[in-house]
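Enquirer: Structure here, sequence nowhere to be found:
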């Protein structure tokens, strides 16, 4: 989840930390050169373009008060510890003199970035979830995958892992600028929204241009319809008209030079496929026409030598391991 600050500057600072610590790099990403811009891209397939809506809320979604209790405190913790005005990349090191300052704070990301496009009004993807991932360090927050459609959306759909739990949650970019809805990743979620595949399909679309209303929904395999997680209207507070479907995390680096998130995520595959963009109501697969990698940090920014990352198909399928 990004902030108004220049992402380039944040990643440049991260790279400087890497060089300063003399760390090696993780496995290099495969070149995108093999993917020709002229290669025809398939239209979005499967449920992304389905208009079948259940009219019901996501099953197992938490009451707003519990969402606030479970996730807003985490945001407040980051603000207090690191001096961050809003969620997103660390604006600076922890406040001078703070005894709580971690050795190094990192916030890398990799995956598909959506270009700013006239008429952009949604995005969709099939995204991995894991019940094996246990976050042990209180400073670590993993948003993987997290999706924010281009077009000035009010809603970001986030797969969240913290040391207090696992959830698929919605961030409100227009009103509260905070987490506003959430459903725990548990056996009920897996049976209803992954159909035993270990991946759910989620989308965020604009439902009203006049009021700038956006709705996040999950595909219910039991009913064959979309269930609504969160809907919001208003003026977008992020200041962005581009978007992303990425792996993103906050962590700290131990004295060994290895991020705490590295051990938490070791051996676990994180993947987003069938990444699609909607424009003027028409769906198409993410491609060079509507996407790139402008939010990518170098692999070394993850402080995890065992991690691997691959853009399987530019830009509708990426995969990271560990």
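Expert: Nice, thanks for sending it over. Computed from a predicted model, the values in this text were never measured in an experiment.

Enquirer: who are the neighbours in contact with the residue minimising distance to the centre of the chain?
Expert: Centrality entry for the chain: nearest residue to the mean C-alpha point is residue 146, 1.5 Å, by C-alpha atoms, centre = their mean. Taking C-beta atoms under 8 Å, 6 or more residues apart in numbering as the definition of contact, the neighbours of residue 146 are 1, 156-159, 244-246, 248. In this view, the C-beta of every residue, glycine as well, is placed from N, C-alpha and C.

Enquirer: okay if I get these as a markdown table plus neighbour count, secondary structure and distance to residue 281?
Expert: A markdown table is the format used below for those (neighbours: other C-beta atoms under 10 Å; DSSP: H, G, I helix; E, B strand; the rest coil; distance: C-beta to C-beta, whole Å):
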| residue | neighbour count | secondary structure | distance to residue 281 |
| --- | --- | --- | --- |
| 1 | 24 | coil | 26 |
| 156 | 26 | strand | 21 |
| 157 | 29 | strand | 19 |
| 158 | 26 | strand | 25 |
| 159 | 26 | strand | 26 |
| 244 | 27 | strand | 21 |
| 245 | 30 | strand | 20 |
| 246 | 27 | strand | 25 |
| 248 | 24 | strand | 28 |
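
Enquirer: If we only consider those residues, which is nearest to residue 126?
Expert: Out of the contacts of residue 146, the one with the shortest distance to residue 126 is residue 245. That distance is 10.4 Å, counting by C-beta to C-beta.

Enquirer: can you pull the contacts of the closest one?
Expert: By C-beta under 8 Å, 6+ apart, the residues touching residue 245 are 111-112, 114, 123, 125, 127, 145-148, 272, 275, 286, 318.

Enquirer: Below-threshold pLDDT in the stretch 101-250 of the chain: ranges please.
Expert: Per-residue confidence of the stretch 101-250 of the chain (counting by pLDDT under 70) places the weak regions at 101-104.

Enquirer: show me where it has helices.
Expert: Defined through DSSP state H, counting those that start in this stretch, the helices belonging to the stretch 101-250 of the chain, from first to last, are 187-193.

Enquirer: Take the contacts of residue 146 and write them to a markdown table, including distance to residue 182.
Expert: Formatted as a markdown table, the contacts of residue 146 follow (distance: C-beta to C-beta, whole Å):
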| residue | distance to residue 182 |
| --- | --- |
| 1 | 14 |
| 156 | 13 |
| 157 | 11 |
| 158 | 9 |
| 159 | 11 |
| 244 | 20 |
| 245 | 19 |
| 246 | 20 |
| 248 | 17 |
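
Enquirer: what ranges do the strands span in the stretch 151-300 of the chain?
Expert: Counting by DSSP state E, counting those that start in this stretch, the segments of the stretch 151-300 of the chain that form strands are 155-162, 165-172, 178-184, 199-208, 213-220, 225-232, 243-252, 269-279, 282-285, 291-292.

Enquirer: can you list these in CSV and add distance to residue 68?
Expert: CSV is the format used below for these (distance: least, C-beta to C-beta, whole Å):
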stretch, distance to residue 68
strand 155-162, 14
strand 165-172, 11
strand 178-184, 8
strand 199-208, 21
strand 213-220, 17
strand 225-232, 13
strand 243-252, 20
strand 269-279, 27
strand 282-285, 34
strand 291-292, 33
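
Enquirer: Ok, which of those comes nearest residue 62?
Expert: It is, among those and with distance given as C-beta to C-beta, strand 178-184, at 5.0 Å.

Enquirer: ok, now which ones touch residue 205?
Expert: With contacts defined as C-beta under 8 Å, 6+ apart, the neighbours of residue 205 are 121-122, 124, 149, 214-215, 217, 278.

Enquirer: quick check, nearest of the contacts of residue 146 to residue 186?
Expert: So of those, ranked by how close each gets to residue 186 (C-beta to C-beta), first place is residue 159, at 13.7 Å.

Enquirer: so the closest one sits right up against residue 144, yeah?
Expert: Yes: applying C-beta atoms under 8 Å, one finds residue 159 in contact with residue 144, separated by 5.8 Å.

Enquirer: how close does the spatially closest residue to residue 121 that is not a sequence neighbour get to residue 119?
Expert: Leaving aside its chain neighbours, residue 121 sits nearest to residue 206 (4.0 Å; criterion: C-beta to C-beta, 6 or more residues apart in numbering). Noted for residue 206: a distance of 10 Å to residue 119, by C-beta to C-beta, to the nearest Å.

Enquirer: residues shared between the contacts of the two?
Expert: Taking C-beta under 8 Å, 6+ apart as the contact criterion, the residues that touch both residue 206 and residue 119 are residue 151.

Enquirer: Go ahead and confirm residue 305 touches residue 263.
Expert: No: with contact defined as C-beta under 8 Å, residue 305 does not reach residue 263; the gap is 11.8 Å.

Enquirer: residues touching residue 286, list them.
Expert: 112, 114, 245, 275-277, 315-316.

Enquirer: What about those, which one has the most neighbours?
Expert: Counting by other C-beta atoms under 10 Å, residue 277 has the largest number of neighbours within these, with 32 neighbours.
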